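Enquirer: Predicted structure and sequence below. I'll ask about it afterward.
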Amino acid sequence: MTAVSRPGDPVITPALVAEHGLTPDEYERLINMLGRTPTFTELGVVSALWSEHCSYKHSRPVLKTLPTTAPWVLQGPGENAGVISIGDGLAVAFKIESHNHPSAVEPYQGAATGVGGILRDVFTMGARPIAMLNSLRFGSLDTPRVRYLVGGVVKGIGDYGNCMGVPTVAGDVMFDAAYEGNPLVNAMCVGILREDELIRAKAEGVGNTIMAVGARTGRDGIHGASFASEDLSHENDAKRPRVQVGDPFTEKLLLEATLELIASGDCVAIQDMGAAGLTSSSAEMAERGDVGIVIDTSKVPARETGMTPYEILLSESQERMLVVVKKGREQTVRDILTKWDLHAAVIGEVIAEPVYRVVEGDRVVAEFPGTRLVTDCPQYHPEARESEAIIALRARDVHAIAERPEEADPFWTLQQLLSSPTIASKRWIYRQYDSTVRTNTVIGPGGGDAAVLRIRGTTKALAVKTDCNGRYVYLDPRVGGQIAVAEAARNVACVGARPRAVTNCLNFGNPKRPDIFFQFREAVGGMGDACRALDTPVTGGNVSLYNESPLGAVYPTPTIGMVGVIDNVAHITRLRFTEVGDAIVLLGEPTNELGASEYLSWIHGVVAGAPPACNLTQERALIDALLESIAAGHVRSAHDCSEGGLAVALAECAMADTDAMMGAEVNLTPWAALPLRALLFGEAQGRVVISTANADAVIAVAKRFGVPATRIGTVQPATSGLCITIGTRTVSAPLAPLADAFHEAIPRAMRRAPAETVSSAVAAGATN
Amino acid sequence: MTRYRVAVHIVPRRGLLDPQGKAVADALHTLGFSAVTDVHVGRHIVIESDAADAAAAEASVRAMCDKLLANPVTEDYEIASVRTAEGA
Amino acid sequence: MTRYRVAVHIVPRRGLLDPQGKAVADALHTLGFSAVTDVHVGRHIVIESDAADAAAAEASVRAMCDKLLANPVTEDYEIASVRTAEGA
Amino acid sequence: MKVGVVRFPGSNCDEDAVLAVVEQLHEEAVLLWHKDHDLQGSDLIILPGGFSYGDYLRSGAIARFSPIMQEVVAHAKRGGPVIGICNGFQIACEAGLLPGALLRNDSLQFRSMQVTIRVEQTNSCLTRAATKGQLLTMPIAHGDGRYTADDATIARLEGEGRVVFRYVDATGEAVSAANPNGSLHNIAGVANDAGNVVGLMPHPERAVDALLGSADGRVLMESMLVAAHA
Ligand SMILES: Nc1ncnc2c1ncn2[C@@H]1O[C@H](COP(=O)(O)OP(=O)(O)O)[C@@H](O)[C@H]1O
Ligand SMILES: [Mg+2]
């Protein structure tokens, strides 16, 4: 059979090909593959499948360098989500995904549908979603547009997750002009399943039936995948109708129906219709199963009349799934879907003939030979060359930057840093997220360095966190990539969990630019180094390229989503100081490093210098020592040093919980030789502040692992404030102004934004 | 039977706190629309329905409002328009 | 200057999914209003504002819609009525 | 005792309620399907939290027409205990089981946080085991929690002691700073005139295990036991 044009299809011209994002070479390749000119429908299919978003044509060779295996990894990259075993017959499925471009255009719906998509990736594996995380990057909060984006994105994430009844428990947010025109919105979902219920998205069994389930297909979001693979330029204004609207209520029904369907044993495979909708889900399932597939677009339930095969194949209408059903069991599937007030329609079949065929009734509208439509895409090995400008920035001697006069009082600087939105409390954001539904959240947002969820029926708990300092990656991609993983692992270890595996979302600029591809290759290399050193294989992720605006590329931001396991809930550790008289111990050591710091950026407006060094052996030793001390019951609180350094970490331990603030008396004399600002605000890696009733034991454990450990102070009543002695100099400050700076910075900034945020607040539908 | 398009306004009852209206009014002031003195935000629901005539269409939408569309404790409604749906 | 009361309808753009409208239509069917063929739910905003004349009042509300009240990506708006506010 | 927890499409605290009853009270609990007319012999009904029907028109507006609600209303009329939590409170108001309505939070934002509530009376089916004035800490998570009723209704509720819970600060004062949603009189929960139907916005079922931060909801769950046996 061969595909024929439909009446009314546009003629294939070079301009049309270009509009579909295919280069002349790629078009040649398509003609060779088909042995003829493609139909309009085929051109649409290929433009979606060969988009960066679906094909990874620029990134695949680099991704192959990542470690992906460990005895506990049940499913590595290539499926809807990665899966690891956590013992007791249980497994955890998790994945992160970007929705940057949709969120830049329509923050509320863009972020909401991003959440919806990642949820589907996890529950199609047979897992019950138990937690959501989100990693966000915005420009400066001083800009009205940014405040509008923040308001809309946060509300979109909240409304979707809240309605689904999946707690949003952790995340990370940074603000920097580099993200001004192109915010990053990455959402991560974590689900739990019984190992024996794991299901994959692999079309199998010739004769099996293919069904479309969930919502009907509309004209929304057509070509979203190729949209995600373009720069965000002014032209995008014309592409606005591509925005999709999410319906979390339908998704909640789909979740319940899907889990029931998988439990029924009547389906062979399930895949979310995400980017490039029906096209990519069907082609990917066929490829994984190494089988042929035939789909009849006239049988796909449509929301609007007169939809063409092209539109049906490429629609990105939300809340839909493609299911391969055992032949003869279609009625069971219909019954389950009907119970949940959803549709299920037979739309195709798994066939022996190695072909991907789309028909519209009797007419063949697209037909591709072979079963490798997805991987038979072009592969590029772009040139990589570091930008001279960045080399120069990194080499800059930041120690030569003069202090501002106000810095004579280090508490002035500390207060400034605590009010930097990147460091300040994110409570304004996470109090819009239901973090306690499902009654597993032991540590929610703000309570610890990572979120902790108990696993019912076991003594175990999971720890999860996202992290990435894009400024580090910008100034040194390899080190920055390493630190992203190391910090996420440290955060997870601080709550008492052994870091186990990683999902990642690689947010970069245009890979065709050598300087960007250099960042990409090096950052992924750094991630790989760290994942090997920390024994946290990569089980999946997502690549989001072309994150550029007329202002330039975003900071290269390889967001890490880390999952760790706590064997005994008794070991769960929070970040705040709790008992007067406890010793404060610093694991790791301050250094004379200031480069790439929040201090330089926020206080001096400088983005330069080398990021702090990352010693992966030391990071590993730190985690081991910390976990052993926690397991031995020595550790009362733990908090790592990240943006803002030691002083910010100490202040957070003292006042992060406004209902239970504690003072601290700290002596840093052993490092009196360091410049004060490097000691207090430098971002040396591999450090954790703990409080303990048994400092000697903690220090002994640390020594055994070769980790420097120093008793640096004592927990005091809140009334004592924060008091720091260095040599002969003692400075102190009450907690209230520090707490005010930390807790009120973002609310204050957002209060300046009634005009921009009000419309999304008023407009949104479901809010309960 | 003819297809009618009936539009209904559902508005928060006067006297109740209307934070949405207030937020919109404040935002408009911030944007420089200083002549704005008051704002109310309600719902605009358009129902397409088959009925024998306009009066029947309106009566049935009134029944929908009484039963479901408006909350009698906090909202008032009014039928804004009854038209035949074009192309029906 | 006269005080005007301008009513605006803000409705989800055609072609985009309207989950609210769909949920309400389904509920109406369940309640027995089987003649209902379609429902759309939007917002009804009433703005009281001082202006020189009705045309100026309408123009200023259009500016408010463009700038703030309607989401240009997902919604359309129309001015439903311009009246002088009673008692103003 | 047998507790029936209604599962509407979009309910998402239904399993939490069942688990709280089973794991913490060691009593029987069943999920009741919204399309059924069968309470399965439940002594006490919980209308759980969530977003029934997406809460697309108004929170709780569509759910009240579910077939199961006819039975729930009949059960309440017979004096059977019914607890509405969060979305369940909204549904109970829409269904006329409780007076008033729950409107959009005055902040126009969803609020997820721990609150302190004060037990205002101990006659209701949810407070019999509690003491008057007792302060309880538990989570809220809602966008439409602003309790509103006309003046006469509020006066009647106050006069008849039917305000069951109020949002208060750490010292037990019902100050406006402790009010997370703009509810009139800081009202967090109310009862019907017989005290067998109670609705509240906070989530006692999320506060039954100290591991999760508070076990203060237990006293309310235990009150349900007393009520069901009464
Ligand atoms: N977008 C978000 N959503 C939910 N929680 C968040 C978000 N951003 C930050 N948090 C929470 O705020 C706390 C502080 O986060 P972060 O500043 O990233 O910590 P750290 O510097 O230790 O990595 C954590 O508990 C984190 O999970
Ligand atoms: Mg940390």
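Expert: Here it is on my side, so go on. Nothing here was measured: the structure is a model prediction, and the numbers come from that model. Ligands and ions are numbered 1, 2, ... in the order given.
Enquirer: Give the burial count for the residue in chain D positioned nearest to ligand 2, as a bare number.
Expert: Proximity of chain D to ligand 2 (Cβ to the ion) peaks at D:Gly213, 20.3 Å away. For the C-beta atoms, the positions are set from N, CA and C on the backbone; glycine is no exception. Number of residues near D:Gly213 (other Cβ atoms under 10 Å in any protein chain shown) recorded here: 19.
Enquirer: now swap in A:Gly706 and tell me
Expert: 12.
Enquirer: doesn't D:Ala207 make contact with the residue of chain D closest to ligand 2?
Expert: Yes. Under the criterion of Cβ atoms under 8 Å, D:Gly213 makes contact with D:Ala207 at 7.5 Å.
Enquirer: so what sits against both of these two?
Expert: Common contacts of D:Gly213 and D:Ala207, defined by Cβ atoms under 8 Å, 6 or more residues apart in numbering or on different chains, comprise D:Thr137.
Enquirer: which one is the residue of chain D closest to ligand 2 nearest to, not counting chain neighbours?
Expert: Nearest residue to D:Gly213 in three dimensions, chain neighbours excluded: D:Gln114, at 7.0 Å (Cβ to Cβ, 6 or more residues apart in numbering or on different chains).
Enquirer: residues touching that neighbour, list them.
Expert: Taking Cβ under 8 Å, 6+ apart, one finds D:137-140, D:213-214 in contact with D:Gln114.
Enquirer: Spell out which parts of chain D neighbour chain C.
Expert: Neighbours of chain C within chain D, by Cβ under 8 Å from any Cβ of the partner chain: D:53-54, D:56-57, D:61-62, D:65.
Enquirer: and if you look at chain B?
Expert: Residues of chain B found near chain C (Cβ under 8 Å from any Cβ) are B:1, B:3, B:7, B:9-11, B:24, B:27-28, B:31, B:33, B:35-51, B:60, B:63-64, B:67-69, B:80.
Enquirer: Restricted to helices, list the residues you listed.
Expert: When DSSP state H is applied, those are split such that B:24, B:27-28, B:60, B:63-64 fall in helices.
Enquirer: Can you tell me which of those residues is nearest ligand 2?
Expert: Among those, B:Ala27 lies closest to ligand 2 (Cβ to the ion), at 36.0 Å.
Enquirer: Give the buried residues for the worst-scoring helix or strand of chain B on mean pLDDT.
Expert: In chain B, the helix or strand scored least confidently by mean pLDDT, DSSP states H and E is helix B:19-30, which has a mean of 91. Buried residues in helix B:19-30, counted by 16 or more other Cβ atoms under 10 Å in any protein chain shown: B:19-25, B:27-28, B:30.
Enquirer: Equivalent analysis for stretch D:6-24, please.
Expert: Going by neighbour count (16+ other Cβ under 10 Å), the buried part of stretch D:6-24 is D:6-21, D:24.
Enquirer: Determine if any part of that stretch is in contact with chain B.
Expert: No. Using Cβ under 8 Å from any Cβ, stretch D:6-24 never reaches chain B; the gap is at least 15.4 Å.
Enquirer: Please work out which helix or strand belonging to chain D has the smallest mean pLDDT.
Expert: None of the helices or strands of chain D scores lower by mean pLDDT, DSSP H and E than helix D:218-229, at a mean of 89.
Enquirer: Look through chain D and state the residue closest to chain A.
Expert: Closest to chain A within chain D is D:Asn12: 2.4 Å, counting by Cβ to the nearest Cβ.
Enquirer: if I pick the closest residue to that residue other than its chain neighbours, what's in contact with it?
Expert: For D:Asn12, the nearest residue in space outside its immediate sequence neighbours is A:Gly165; the separation is 2.4 Å by Cβ to Cβ, 6+ apart. The neighbours of A:Gly165, taking Cβ under 8 Å, 6+ apart as the test, are A:252, A:434, A:437-438, D:11-13, D:50-51.
Enquirer: Let me know the closest of those to chain C.
Expert: Proximity of those to chain C (Cβ to the nearest Cβ) peaks at D:Phe51, which lies at 10.6 Å.
Enquirer: so who does the closest one touch?
Expert: Contacts of D:Phe51 (Cβ under 8 Å, 6+ apart): A:162-163, A:165, A:248-249, A:252, A:766, A:768, D:10-12, D:59, D:87.
Enquirer: In helices, which of these fall?
Expert: Reading helices off these with DSSP H, I get A:162-163, A:248-249, A:252, D:87.
Enquirer: What I need now is these written out in JSON lines, including neighbour count, pLDDT and distance to ligand 2 for each item.
Expert: Shown next, in JSON lines, are the ones in helices among the contacts of D:Phe51 (neighbours: other Cβ atoms under 10 Å in any protein chain shown; pLDDT from 0 to 100; distance: Cβ to the ion, whole Å):
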{"residue": "A:Asn162", "neighbour count": "30", "pLDDT": "98", "distance to ligand 2": "25"}
{"residue": "A:Cys163", "neighbour count": "30", "pLDDT": "98", "distance to ligand 2": "30"}
{"residue": "A:Pro248", "neighbour count": "29", "pLDDT": "96", "distance to ligand 2": "30"}
{"residue": "A:Phe249", "neighbour count": "26", "pLDDT": "96", "distance to ligand 2": "35"}
{"residue": "A:Lys252", "neighbour count": "25", "pLDDT": "97", "distance to ligand 2": "32"}
{"residue": "D:Asn87", "neighbour count": "29", "pLDDT": "98", "distance to ligand 2": "35"}
